[in-house]
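Asker: model the structure of this input:
(one chain, ligands or ions: 1)
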Amino acid sequence: MSEQGIGTKCVQAGYTPKNGEPRQIPIIQSTTFKYDTSEDMGKLFDLEASGYFYTRLQNPTNDYVAAKIAALEGGSAGMLLSSGQAANFFALFNICECGSHIVASSSIYGGTFNLISVTMKKMGIDVTFVSPDATREELDAAFRENTRAVFGETIANPALTVLDIEKFAAAAHDHGVPLIVDNTFPTPAHCRPIEWGADIVTHSTTKYMDGHGTAVGGAIVDSGKFDWMAHKDKFPGLTEPDESYHGITYAERFGIEGAFITKATAQLMRDLGSIQSPQHAFYLNLGLESLHVRMKRHAENGQAVAEFLQGCDKVSAVHFSGLESDPYHELAKKYLPKGGCGVVSFELKGGRSAAEAFMKKLKLAAIETHVADARTCCLNPATSTHRQMNDEQLEAAGIPAGLVRMSCGLEDSADLIEDIRQAMA
Ligand SMILES: *Cc1c(COP(=O)(O)O)cnc(C)c1O
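Answerer: Now for the predicted structure:
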């Protein structure tokens, strides 16, 4: 059978009930699972049989939803985590250890920037940040003998740069390491990074996948294509025996398609316990069922709002890769032919005070530290997330004081534009 379309997968993938079973994914609200003999359970602990024994590691509800996300991304396996932060940490820490080095795009979510540059640094993991626009030569120069992963975001939050996935993947592969792409903003409805060479895909499911501002969560999908054994010395955690599991070697036992997610589940989830609750996984699945329909509307609303803002005389710049004038428009045509997402950022000529006054006047768009919700929301970094910085520091960080980030929801674009028009006036 040929591969199903993305919409069919959004609705149906991951869970196929048998005769007489619930049509909707059941919420298995149980911390533990019962076995007839200790021997049965022992096999699970030894990873000799697959099954559930404790929800800190795995739960059937989560696995149905993770299988759907893996199918959407075109990967071999997936897992859910308690947050997007946990997903990015697990994806990196599954192959990095004290003494490792990461090459990361500098244009990434602030939380991930802190995770990599501050917290992981304390664990002895070093990073070199590169421009998302780096040339192949500049990328090559960032690698070291101890580099273990390359990291970037398809559409970066909040800068809205578009990653040249093929270029970053080629550089990663020529240096024998995988490319990890955070695909939170476009979602697999609008971009599937694995098709362009990414090896591992991560998500903050809190954003468009949930889509209703309901449940914080994260996900990791493995492409099942990166050959760990071909770079045996670099990834001992996958290619050498795990003494905490009686010496099994993940890459041998679970193969190229299963090793990464099995290790992250059996070892990291066991030790760090950052699983999504089955209740959240259920909410997430409700969001996924309409993801393809919603993403189309989010991107259309983003496009309409961006085009309107471009014609406003109080606006000095609009950042949205769907605009022909945007520096990332060519990359967007290649990687995001169906559109990107609903997030638009723009600069008001009057700076910080103009941004504050404008946002106060908005009626539909609420002021929130959130994006990718059914309801339109907006944020002025200078007076909220980045308020510790003065105007000069903001300018240097590429976040002018008058910048407003607007996440266009699912309302009618005419109403969103009218709201912006009256607030500008
Ligand atoms: C929000 C976000 C994260 C962090 O996700 P949480 O679910 O808030 O932990 C990571 N990456 C991107 C691109 C995000 O937008």
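
Asker: which positions in this structure make contact with the ligand?
Answerer: 83-85, 109, 111-112, 153, 157, 182, 184, 204, 206-207, 216, 218 (CB under 6 Å from any ligand atom). For glycine as for every other residue, the C-beta is placed from the backbone atoms N, C-alpha and C.

Asker: can you rerun that using 5 Å?
Answerer: For the chain, the residues in contact with the ligand under the definition CB under 5 Å from any ligand atom are Ser83, Gly84, Gln85, Tyr109, Gly111, Asn157, Asp182, Thr184, Ser204, Thr206.

Asker: what about Ala141, how many neighbours?
Answerer: Residues near Ala141, counting by other CB atoms under 10 Å, number 12.

Asker: against Gly398, how distant is it?
Answerer: With distances taken as CB to CB, to the nearest Å, Ala141 is found 22 Å from Gly398.

Asker: who touches Val162 in this structure?
Answerer: For Val162, the residues meeting the contact criterion (CB atoms under 8 Å, 6 or more residues apart in numbering) are Pro132, Thr154, Ile155, Ser321, Tyr328, Leu331, Ala332, Tyr335, Leu336, Gly340.

Asker: next, it: phi, psi?
Answerer: In terms of degrees, to the nearest 10, the main-chain angles of Val162 are phi -110, psi 130.

Asker: do you know the pLDDT at it?
Answerer: Among the per-residue scores, Val162 holds a pLDDT of 97.

Asker: ok, now how distant is Glu257 from Tyr250?
Answerer: Using CB to CB, which is the criterion applied here, Glu257 is 12 Å from Tyr250.

Asker: between the two, which has more neighbouring residues?
Answerer: Between Glu257 and Tyr250, counted using other CB under 10 Å, Tyr250 has the larger neighbour count: 27 against 15.

Asker: what's the spacing between that one and the ligand?
Answerer: Taken as CB to the nearest ligand atom, to the nearest Å, the spacing of Tyr250 relative to the ligand amounts to 26 Å.

Asker: ditto for Lys122
Answerer: As for Lys122, its distance to the ligand is 19 Å (criterion: CB to the nearest ligand atom).

Asker: what about that residue, how many neighbours?
Answerer: Neighbouring residues of Lys122 were enumerated by other CB under 10 Å; the total is 7.

Asker: can you map out the strands along the stretch 1-150 of the chain?
Answerer: Defined through DSSP state E, counting those that start in this stretch, the strands belonging to the stretch 1-150 of the chain, from first to last, are 77-81, 101-105, 126-130, 147-153.

Asker: what does stretch 38-55 rub up against?
Answerer: Contact partners of stretch 38-55, identified using CB under 8 Å, 6+ apart, comprise 30-33, 35, 58-60, 245-246, 248, 253, 262, 266, 275, 278.

Asker: determine which two of those are furthest apart.
Answerer: With distance counted by CB to CB, no two of the contacts of stretch 38-55 lie farther apart than His246 and Pro278, which are 29.0 Å apart.

Asker: more crowded one of those two?
Answerer: Remark: of His246 and Pro278, Pro278 carries more neighbours, 23 against 11, as counted by other CB under 10 Å.

Asker: so the more buried one sits against Asn62, correct?
Answerer: Yes: with contact defined as CB atoms under 8 Å, Pro278 and Asn62 form a contacting pair (6.1 Å).

Asker: A helix includes Leu394, no?
Answerer: Yes: counting by DSSP: H, G, I helix; E, B strand; the rest coil, Leu394 falls inside a helix.

Asker: that one reaches Pro400, doesn't it?
Answerer: Yes: counting by CB under 8 Å, a contact exists between Leu394 and Pro400, whose distance comes to 6.2 Å.

Asker: and the closest residue to Phe129 other than its chain neighbours, what is it in contact with?
Answerer: Counting by CB to CB, 6 or more residues apart in numbering, Ser106 is the residue found nearest to Phe129 once chain neighbours are left out, at 4.0 Å. Applying CB under 8 Å, 6+ apart, one finds that Ser106 lies in contact with Phe113, Phe129, Val130, Ser131, Pro132.

Asker: for the residues you listed, give me JSON lines that also has pLDDT.
Answerer: Converted to JSON lines, these look like this (pLDDT from 0 to 100):
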{"residue": "Phe113", "pLDDT": "93"}
{"residue": "Phe129", "pLDDT": "96"}
{"residue": "Val130", "pLDDT": "96"}
{"residue": "Ser131", "pLDDT": "94"}
{"residue": "Pro132", "pLDDT": "95"}
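
Asker: possible to save those as a markdown table with neighbour count and distance to Ala169?
Answerer: A markdown table is the format used below for those (neighbours: other CB atoms under 10 Å; distance: CB to CB, whole Å):
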| residue | neighbour count | distance to Ala169 |
| --- | --- | --- |
| Phe113 | 16 | 21 |
| Phe129 | 18 | 18 |
| Val130 | 22 | 14 |
| Ser131 | 12 | 17 |
| Pro132 | 21 | 14 |
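
Asker: check the residues you listed and tell me the two furthest apart.
Answerer: Between any two of these, the greatest separation by CB to CB is 13.9 Å, found for Phe113 and Ser131.

Asker: now this structure against the ligand: closest residue?
Answerer: With CB to the nearest ligand atom, the shortest gap between the chain and the ligand falls at Gly84, namely 2.2 Å.

Asker: for Gly224, see how far away that residue is.
Answerer: 22 Å.

Asker: more crowded one of the two?
Answerer: Neighbours per residue, other CB under 10 Å: of Gly84 and Gly224, the larger number sits with Gly84, 25 against 19.

Asker: now do the same contact list for that one.
Answerer: For Gly84, counting by CB under 8 Å, 6+ apart, the contacting residues are 109, 111, 182, 184, 202-207, 216-218.

Asker: in PyMOL, how would I select the buried members of those residues?
Answerer: This is the PyMOL syntax for the buried subset of these, where burial follows 16 or more other CB atoms under 10 Å:
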select buried, resi 109+182+184+202+203+204+205+206+207+216+217+218
